[in-house]
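>>> Sequence unavailable; structure follows:
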(Lines give C-alpha, C1' and ligand atoms only; values in the text may rest on other atoms or scores of the structure.)
Protein backbone atom coordinates (compact mmCIF):
# COMPACT_ATOMS: atom_id res chain seq x y z
CA UNK A 1 0.00 0.00 0.00
CA UNK A 2 1.50 3.32 -0.99
CA UNK A 3 1.58 6.22 1.43
CA UNK A 4 -1.11 8.02 -0.61
CA UNK A 5 -3.70 5.29 -0.10
CA UNK A 6 -5.90 5.16 2.98
CA UNK A 7 -7.34 2.04 4.58
CA UNK A 8 -10.94 1.70 5.74
CA UNK A 9 -11.31 3.02 9.29
CA UNK A 10 -8.29 5.29 8.96
CA UNK A 11 -10.10 8.33 7.63
CA UNK A 12 -10.82 6.88 4.19
CA UNK A 13 -14.31 8.40 4.16
CA UNK A 14 -15.92 5.04 3.58
CA UNK A 15 -14.08 4.30 0.33
CA UNK A 16 -12.28 1.01 0.88
CA UNK A 17 -8.96 0.00 -0.57
CA UNK A 18 -9.63 -2.49 -3.34
CA UNK A 19 -7.87 -5.70 -4.10
CA UNK A 20 -6.15 -6.33 -0.78
CA UNK A 21 -5.85 -10.02 0.08
CA UNK A 22 -8.65 -11.11 2.39
CA UNK A 23 -10.54 -7.85 2.01
CA UNK A 24 -14.05 -7.73 0.55
CA UNK A 25 -14.59 -5.98 -2.75
CA UNK A 26 -16.98 -3.12 -3.25
CA UNK A 27 -17.74 -0.04 -1.21
CA UNK A 28 -19.23 0.39 2.24
CA UNK A 29 -22.79 0.28 0.94
CA UNK A 30 -22.03 -3.02 -0.85
CA UNK A 31 -20.65 -4.45 2.41
CA UNK A 32 -23.78 -3.32 4.24
CA UNK A 33 -26.13 -4.83 1.65
CA UNK A 34 -24.22 -8.12 1.54
CA UNK A 35 -24.06 -8.23 5.34
CA UNK A 36 -27.82 -7.70 5.65
CA UNK A 37 -28.43 -10.38 3.02
CA UNK A 38 -26.18 -12.84 4.87
CA UNK A 39 -28.02 -12.04 8.08
CA UNK A 40 -31.38 -12.74 6.40
CA UNK A 41 -29.97 -16.01 5.06
CA UNK A 42 -29.04 -17.07 8.64
CA UNK A 43 -25.28 -16.55 8.34
CA UNK A 44 -24.70 -14.10 11.22
CA UNK A 45 -20.96 -14.71 11.64
CA UNK A 46 -20.28 -13.98 7.96
CA UNK A 47 -22.57 -10.95 8.14
CA UNK A 48 -20.71 -9.72 11.21
CA UNK A 49 -17.37 -9.81 9.35
CA UNK A 50 -18.65 -7.57 6.57
CA UNK A 51 -20.59 -5.28 8.88
CA UNK A 52 -17.61 -4.76 11.21
CA UNK A 53 -15.69 -3.41 8.22
CA UNK A 54 -18.63 -1.24 7.18
CA UNK A 55 -18.99 0.14 10.73
CA UNK A 56 -15.27 0.91 10.88
CA UNK A 57 -15.59 2.87 7.63
CA UNK A 58 -18.84 4.61 8.64
CA UNK A 59 -18.89 4.64 12.48
CA UNK A 60 -21.80 7.11 12.67
CA UNK A 61 -24.17 5.11 10.47
CA UNK A 62 -27.08 3.92 12.60
CA UNK A 63 -28.23 1.47 9.92
CA UNK A 64 -24.85 -0.24 9.77
CA UNK A 65 -24.53 -0.32 13.57
CA UNK A 66 -28.01 -1.79 13.99
CA UNK A 67 -27.37 -4.48 11.37
CA UNK A 68 -24.01 -5.24 13.01
CA UNK A 69 -25.66 -5.52 16.43
CA UNK A 70 -28.27 -7.93 15.02
CA UNK A 71 -25.54 -10.07 13.45
CA UNK A 72 -23.54 -10.08 16.68
CA UNK A 73 -26.62 -11.03 18.71
CA UNK A 74 -27.49 -13.86 16.32
CA UNK A 75 -23.87 -15.06 16.40
CA UNK A 76 -23.96 -15.15 20.21
CA UNK A 77 -21.70 -12.12 20.76
CA UNK A 78 -24.11 -10.55 23.24
CA UNK A 79 -21.69 -8.06 24.82
CA UNK A 80 -20.68 -6.69 21.41
CA UNK A 81 -24.33 -6.58 20.32
CA UNK A 82 -25.29 -4.71 23.49
CA UNK A 83 -22.56 -2.14 22.87
CA UNK A 84 -23.73 -1.47 19.30
CA UNK A 85 -27.41 -1.33 20.27
CA UNK A 86 -26.38 1.06 23.09
CA UNK A 87 -24.57 3.34 20.61
CA UNK A 88 -27.65 3.52 18.37
CA UNK A 89 -30.10 3.99 21.28
CA UNK A 90 -27.93 6.65 22.90
CA UNK A 91 -27.73 8.59 19.65
CA UNK A 92 -31.50 8.23 19.12
CA UNK A 93 -33.35 7.37 22.36
CA UNK A 94 -36.62 7.12 20.41
CA UNK A 95 -35.32 4.15 18.37
CA UNK A 96 -37.56 1.42 19.78
CA UNK A 97 -35.69 -1.40 18.02
CA UNK A 98 -32.35 -0.29 19.46
CA UNK A 99 -33.92 -0.15 22.93
CA UNK A 100 -35.34 -3.66 22.36
CA UNK A 101 -31.95 -4.95 21.19
CA UNK A 102 -30.23 -3.40 24.20
CA UNK A 103 -32.80 -5.05 26.46
CA UNK A 104 -32.59 -8.56 25.03
CA UNK A 105 -28.78 -8.38 24.88
CA UNK A 106 -28.68 -7.34 28.54
CA UNK A 107 -30.99 -10.26 29.40
CA UNK A 108 -28.67 -12.72 27.63
CA UNK A 109 -25.82 -11.32 29.71
CA UNK A 110 -27.83 -11.75 32.93
CA UNK A 111 -28.47 -8.04 33.61
CA UNK A 112 -32.24 -8.28 33.97
CA UNK A 113 -32.60 -4.87 35.64
CA UNK A 114 -31.12 -3.11 32.60
CA UNK A 115 -33.07 -5.46 30.36
CA UNK A 116 -36.38 -4.52 32.00
CA UNK A 117 -35.60 -0.80 31.67
CA UNK A 118 -34.84 -0.90 27.94
CA UNK A 119 -37.56 -3.39 27.07
CA UNK A 120 -40.10 -1.22 28.90
CA UNK A 121 -38.95 1.75 26.81
CA UNK A 122 -39.33 -0.28 23.61
CA UNK A 123 -42.83 -1.41 24.62
CA UNK A 124 -43.83 2.14 25.57
CA UNK A 125 -42.73 3.38 22.13
CA UNK A 126 -44.26 0.49 20.20
CA UNK A 127 -46.94 -1.21 22.35
CA UNK A 128 -48.37 -3.14 19.39
CA UNK A 129 -45.14 -5.11 18.87
CA UNK A 130 -45.82 -8.55 20.35
CA UNK A 131 -42.21 -9.72 20.62
CA UNK A 132 -41.29 -6.58 22.59
CA UNK A 133 -44.08 -7.32 25.07
CA UNK A 134 -43.14 -11.01 25.29
CA UNK A 135 -39.48 -10.20 26.02
CA UNK A 136 -40.51 -7.69 28.71
CA UNK A 137 -42.85 -10.24 30.34
CA UNK A 138 -40.06 -12.83 30.39
CA UNK A 139 -37.56 -10.41 31.91
CA UNK A 140 -40.03 -9.26 34.56
CA UNK A 141 -40.91 -12.89 35.36
CA UNK A 142 -37.21 -13.66 35.80
CA UNK A 143 -36.80 -10.69 38.13
CA UNK A 144 -39.89 -11.74 40.11
CA UNK A 145 -38.69 -15.34 40.35
CA UNK A 146 -35.30 -14.21 41.59
CA UNK A 147 -37.05 -12.10 44.21
CA UNK A 148 -39.04 -15.12 45.39
CA UNK A 149 -42.41 -13.89 44.14
CA UNK A 150 -43.39 -17.34 42.89
CA UNK A 151 -42.97 -19.31 46.08
CA UNK A 152 -40.23 -21.56 47.34
CA UNK A 153 -37.10 -22.20 45.38
CA UNK A 154 -36.68 -25.47 43.54
CA UNK A 155 -34.12 -28.03 44.77
CA UNK A 156 -30.63 -27.07 43.72
CA UNK A 157 -31.37 -23.36 43.42
CA UNK A 158 -29.15 -20.97 45.41
CA UNK A 159 -30.74 -20.41 48.81
CA UNK A 160 -32.75 -23.65 48.71
CA UNK A 161 -32.90 -25.39 52.08
CA UNK A 162 -33.22 -29.18 52.07
CA UNK A 163 -36.22 -30.47 54.06
CA UNK A 164 -35.38 -32.16 57.37
CA UNK A 165 -34.58 -35.88 57.13
CA UNK A 166 -35.72 -38.70 59.40
CA UNK A 167 -33.37 -41.28 60.84
CA UNK A 168 -34.09 -43.67 57.93
CA UNK A 169 -33.17 -40.95 55.39
CA UNK A 170 -36.74 -40.20 54.22
CA UNK A 171 -37.70 -36.57 53.98
CA UNK A 172 -40.41 -35.21 56.22
CA UNK A 173 -43.34 -33.60 54.44
CA UNK A 174 -45.28 -30.81 56.13
CA UNK A 175 -48.44 -32.94 56.22
CA UNK A 176 -46.71 -36.00 57.75
CA UNK A 177 -47.63 -35.07 61.30
CA UNK A 178 -51.32 -35.14 60.37
CA UNK A 179 -51.26 -38.37 58.36
CA UNK A 180 -49.35 -40.43 60.91
CA UNK A 181 -46.60 -41.55 58.56
CA UNK A 182 -43.74 -40.21 56.50
CA UNK A 183 -43.05 -41.07 52.93
CA UNK A 184 -46.09 -43.30 52.43
CA UNK A 185 -47.03 -41.63 49.16
CA UNK A 186 -50.03 -39.50 48.28
CA UNK A 187 -53.09 -39.84 50.46
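It's in. Model, not experiment: these values are computed from the prediction.
>>> since we're on residue 34, how many residues are nearby?
Counted by other C-beta atoms under 10 Å, the residues lying close to residue 34 total 18. Just so you know, the C-beta spots here come from the backbone N, C-alpha and C atoms, and that holds for glycine as well.
>>> got the phi/psi numbers for it?
Dihedral pair for residue 34: phi -70, psi -40, per degrees, to the nearest 10.
>>> For it, give me its contacts.
Residues near residue 34 by C-beta atoms under 8 Å, 6 or more residues apart in numbering: 24, 26, 50.
>>> Can you tell me the element the last one falls in?
With the criterion set as DSSP states H and E, the secondary-structure element containing residue 50 is helix 44-57.
>>> Give me the residues contacting that helix.
With C-beta under 8 Å, 6+ apart, helix 44-57 has contacts from 8-9, 12, 14-16, 23-24, 28, 31-32, 34-39, 61, 64-65, 67-68, 70-75, 77, 84.
>>> give me the low-pLDDT residue ranges for the protein?
1-22, 149-164, 169-187 (pLDDT under 70).
>>> which of the residues in stretch 55-74 are buried?
Buried residues in stretch 55-74, counting neighbours by 16 or more other C-beta atoms under 10 Å, are found at 55-58, 61-62, 64-74.
>>> and those, which of them are in strands?
Of these, none are assigned to strands by DSSP state E.
>>> out of the contacts of residue 34, which are buried?
Burial by neighbour count, 16+ other C-beta under 10 Å: within those this picks out 24, 50.
>>> Let me know the closest of the contacts of residue 34 to residue 114.
Nearest to residue 114 among the contacts of residue 34 is residue 50, at 28.8 Å by C-beta to C-beta.
>>> what about the residue nearest to the closest one when sequence neighbours are not counted, helix or strand, and which?
Leaving aside its sequence neighbours, residue 50 sits nearest to residue 35 (C-beta to C-beta, 6 or more residues apart in numbering; 3.9 Å). Element membership for residue 35, per DSSP H and E: helix 28-40.
>>> ok, which stretches of this protein are helices?
Under the criterion DSSP state H, the chain carries helices at the ranges 28-40, 44-57, 62-74, 78-91, 96-108, 112-125, 130-146, 176-179.
>>> how far off helix 112-125 does the longest one point, in degrees?
If I follow you right, that is helix 130-146. Interaxial angle, helix 130-146 versus helix 112-125 (axes from the mean of the first three to the mean of the last three C-alpha atoms, to 10 degrees): 150 degrees.
>>> what do you get for the fourth one?
Orientation check (the same axes, to 10 degrees): helix 78-91 against helix 112-125 gives 40 degrees.
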